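J.: just the structure for this:
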Amino acid sequence: MRRRAFLAAAGALSVGGLSASIANSRLAVQTPPDPAYTILSGTKHETEVFVRNRGDGPTALVVGGMHGDEKSGYRAATAITRWQVSGGTLVVLPKANQAAIRANRREGENGDLNRKFPTGETPETELARAIWGVVSRHDPDVLLDLHRSIGIYGYHESSVGQVIWPTDAGRASDHAKRTAERLNDAVVPWSMPLHEFRLGGEITGSRPMLVHKFAGDLGRPGYIFETTAFLLDLGTRVRWTKRAAEELLSHHGIERRRNS
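T.: Numbers count the residues shown, from 1 in each chain. This is a model prediction of the structure:
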């Protein structure tokens, strides 16, 4: 089940005190939303969603903090909440997994949050359903999910650092490739060739992850961005993550205003 048909089927989800029905979602798209709102209010998972609406144009959703110990992802996303954009709508969920962030653990009480989004099915936990409800509410044209790995892809076993993984929709692979090249040229020092960014394989919806579900159910461009903790301090990881987000958003028509 793909695109609008799936959103209609998911319309009964509850997003904290918000209705995630598609009818209400469409109203939210037509009427500029509030600068911020809260999902799962009054629970341990309560967290804010920030919205920058600058009129006509595409909508992008940026997510950080799916894993609570990946500080560069949620710190970069938190910084992005303060960005001004020249057009379109930028939606940011900077701290998706608040309980895991507070505990500084990858997983929360229900295990790995980013394994609770089966393609073609309802997300498996209350938090995952609320996050998918944000997708339903804003109906984004592109999704960025910001992460951090321990090692470097291809050099350390089971590590996926320094990779941009695109969905198999539109020109996502080309945009990811160009962004990796730009990062390697602009931010990765020549003395750190192992840290050059790579293009990952296309995401098709084959795994129960947020961006996989976005690809499988909606068929739209999305990206998982992974930097590495290997020989990189937190500040550097945050800077590289923000730069990657800026480049990818630009490819999709969301331009950051440089005074923000």
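J.: can we go C-alpha only for contacts and neighbour counts from here?
T.: Noted.
J.: sticking with Leu61, tell me its helix or strand.
T.: strand 59-63 (DSSP states H and E).
J.: pLDDT on that strand, on average?
T.: Averaging pLDDT along strand 59-63 yields 98.
J.: gap between stretch 161-181 and the chain center?
T.: Distance, stretch centre to chain centre, for stretch 161-181: 14 Å (C-alpha atoms, centre = their mean, to the nearest Å).
J.: quick one: end-to-end distance for that stretch.
T.: For stretch 161-181, the separation between the terminal residues is 15 Å (C-alpha to C-alpha, to the nearest Å).
J.: just want the angle from the helix ranked longest in the chain to strand 59-63.
T.: Longest helix in the chain by number of residues (criterion: DSSP state H): helix 234-251. Counting by axes from the mean of the first three to the mean of the last three C-alpha atoms, to 10 degrees, helix 234-251 lies at 160 degrees to strand 59-63.
J.: buried ones in helix 234-251?
T.: Going by neighbour count (16 or more other C-alpha atoms under 10 Å), the buried part of helix 234-251 is 237-249, 251.
J.: residues in contact with that helix?
T.: The contact list for helix 234-251, computed with C-alpha atoms under 8 Å, 6 or more residues apart in numbering, reads 60, 71-73, 75-77, 79-80, 144, 146, 175-176, 179-180, 183, 187, 225, 227-229, 255-256.
J.: so Leu127, which of the three states?
T.: Three-state assignment for Leu127 (DSSP: H, G, I helix; E, B strand; the rest coil): helix.
J.: if I look at it, how far off is Leu210?
T.: Computed as C-alpha to C-alpha, the Leu127 to Leu210 distance reads 12 Å.
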